[in-house]
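sequence plus predicted model, see below.
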Amino acid sequence: MKKWLILLALPLVLTLTGCSASNMSAIEEQDDGSRATYLKSNNSVLYSRLGVRDPKMTNAGDLLRAQATLENRWKFKLDFQYKIKWFSADGFEIAPDSRPWTTVMMPGRTQLNVQATAPNPTATRFEIWVQE
């Protein structure tokens, strides 16, 4: 009896394992030919419904300040959380626990400006992570 139960459960387990999403990311070509990643998520449905428009960085003293516009491309509201992560030139995340996730509810086909200031002067780039 246990053998049949295992045989029946195995396809379900394999199917659910295959459905787990890896991290998704949006890569944009810059004017100077370099590439930058702005939006990341491990939820493929949420990722497909959000876009990033007009990402930019400026200096605030010796710290970088980032701004971007999140765009709900779906016609219904989206409830999710976002976090802006900062990285050094060699790709290490800077102060990963310094900023909490921010909860957002975006009506369909709307935009939201998000901003953050780097935690220290070693930051050279940012990424916006989203999750449900």
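All right, it came through fine.

need phi/psi at Ser44.
For Ser44, the backbone dihedrals (degrees, to the nearest 10) come out as phi -70, psi -30.

any idea how far it is from Leu50?
Using CB to CB, to the nearest Å, Ser44 is found at 11 Å from Leu50. From N, CA and C alone the C-beta is placed, and that goes for glycine too.

mind checking which of the two has more residues around it?
Using other CB atoms under 10 Å, the more surrounded residue of Ser44 and Leu50 is Leu50, with 23 against 14.

so what's the more buried one bridging to?
Counting by DSSP bridges, Leu50 forms beta bridges with Asn72.

so who does it touch?
For Leu50, the contacting residues are Leu39, Ser41, Leu70, Glu71, Asn72, Arg73, Leu78, Phe80, Val130, by CB atoms under 8 Å, 6 or more residues apart in numbering.

what is the nearest of these to Ala116?
Ala116 lies nearest to Leu70 out of the contacts of Leu50, by CB to CB, at 12.7 Å.

Arg73 contacts Val52, correct?
No: with contact defined as CB atoms under 8 Å, Arg73 and Val52 do not form a contacting pair (10.8 Å).

returning to what we had before: common neighbours of Ser44 and Leu50, please.
Applying CB under 8 Å, 6+ apart, one finds that no residue jointly contacts Ser44 and Leu50.

can you map out the strands along the protein?
Using DSSP state E, the strands found in the chain span residues 24-29, 35-41, 50-60, 63-72, 78-88, 93-94, 102-106, 111-117, 123-131.

for the ones you listed, give me TSV that also has mean pLDDT.
As requested, these are exported to TSV (pLDDT from 0 to 100):
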stretch	mean pLDDT
strand 24-29	54
strand 35-41	79
strand 50-60	94
strand 63-72	96
strand 78-88	96
strand 93-94	96
strand 102-106	98
strand 111-117	97
strand 123-131	95
